[in-house]
Every structure is written in C-alpha cells, then in structure tokens.
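# My questions concern the predicted model and sequence given below.
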Amino acid sequence: MRLLSSLVLLQLAGAAVCAAQTQSPVVPVTGVDIPVGFLHAIALDVDQHRDVLYCYFGNRVVTPAVRVHVDSVATVSTVDECSGVGLAFIMRSNDRLLLQQLLRGVIDGNPRFGVVSVFYTTEDVVRWGDTVHVARPLSMLRGVSNTLTSASSSQ
C-alpha cells in the first residue's frame, strides 16, 4: 500500500515540477521517463535471472530536448513483436563499452524505435521515505549522437 501511495505522490510531485518548470527557464534534458512501478517489476526479472525483452509504449518528444515518456511496458518474445516506441532487454554486465555497442547495434538495426534500453543491475532507491527496489537501465535515444542516459523514474 505504501508503494501505491508513493506512486501517486510521485505523479503529483512530477506534475508540480512540470508546472514549476514552465514558470522558470530550465535547460532541457535529454532522457527517458519510466514509471518507478515498471522499474520495480523489471528488477524482479533481473534478480531472478530471467531473460526478457520489453516493448515500451508511450511517446517521443523532440523539442526542446529529445525525451521518451514510457506509459506502458509489455513483454515480447521477439523484436519483431514490438510495435511500440522502444525496446529494452536485460544484460547483466558492468562493461559500459559492451553495453553501448549492444545498444548502438539494436537501435541502428531497428529504425522504428526511438529508444533502446538495457537493464544491467538493480538498486534500492528511496522515494518519499519508502525504499523501492528498481532495475537500472542504460538507454540510447535515436537522434541524439552518442548520448547514453539512465532513465529517470516518474510516477
């Protein structure tokens, strides 16, 4: 129940931050927004050594900065089954160069995706006083040269 409360509070806080940003000049940030509930569910797959492909659904915003907002995630058996805005997979490695090369190969080979992410570890984060176990992604966005980003959690 506390996790659900945190998710609702995060959503409200996100709306307040967005409202505050429209009133003050802020440098736009490139990245991926993934709800913390999805990151928690994916963390369970990572911890249980499951090899899963995830299809991101949501929207891609290109101005003022390239951002992908993920509003739902589905598991798929193959890349061809994903009709969403992006694809994610699990690869338990701390070799950042290898992960970057994997992401580059997947995004270059699949021009329909706006983002590709790899979940490489899990971590505990504190949100509004609650500790939530989440997967840590590394993402590559189409149209952003050589930029790797960690997802920001929303909601």
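Okay, I see it. Numbers count the residues shown, from 1 in each chain.
# Output the below-cut-off pLDDT ranges for the chain.
Under the criterion pLDDT under 70, the flagged ranges of the chain are 1-28, 145-155.
# Spell out, range by range, the helices that occur in it.
Using DSSP state H, the helices of the chain run over residues 2-23, 36-47, 96-109.
# Can you dump the C-alpha atoms of the shortest one in PDB for me?
Only the C-alpha atoms of helix 36-47 are listed here, as PDB (Å, rounded to 0.1, in the frame of the first residue of the first chain):
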ATOM      1  CA  VAL A  36       9.000   3.500 -10.900                       C
ATOM      2  CA  GLY A  37       6.400   0.700 -10.800                       C
ATOM      3  CA  PHE A  38       7.800  -0.700 -14.200                       C
ATOM      4  CA  LEU A  39      11.300  -0.400 -13.000                       C
ATOM      5  CA  HIS A  40      10.400  -2.400  -9.800                       C
ATOM      6  CA  ALA A  41       8.700  -5.100 -11.900                       C
ATOM      7  CA  ILE A  42      11.700  -5.400 -14.200                       C
ATOM      8  CA  ALA A  43      14.100  -5.500 -11.200                       C
ATOM      9  CA  LEU A  44      12.300  -8.700 -10.100                       C
ATOM     10  CA  ASP A  45      13.100 -10.200 -13.600                       C
ATOM     11  CA  VAL A  46      16.700  -9.100 -13.300                       C
ATOM     12  CA  ASP A  47      17.100 -10.600  -9.800                       C
END
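# so what secondary structure elements neighbour it?
helix 2-23, strand 67-76, strand 86-90, strand 115-127, strand 130-141, strand 152-154 (3 or more Cβ pairs under 8 Å, 6 or more residues apart in numbering; DSSP states H and E). Where C-beta positions appear, they are placed from N, C-alpha and C, glycine not excepted.
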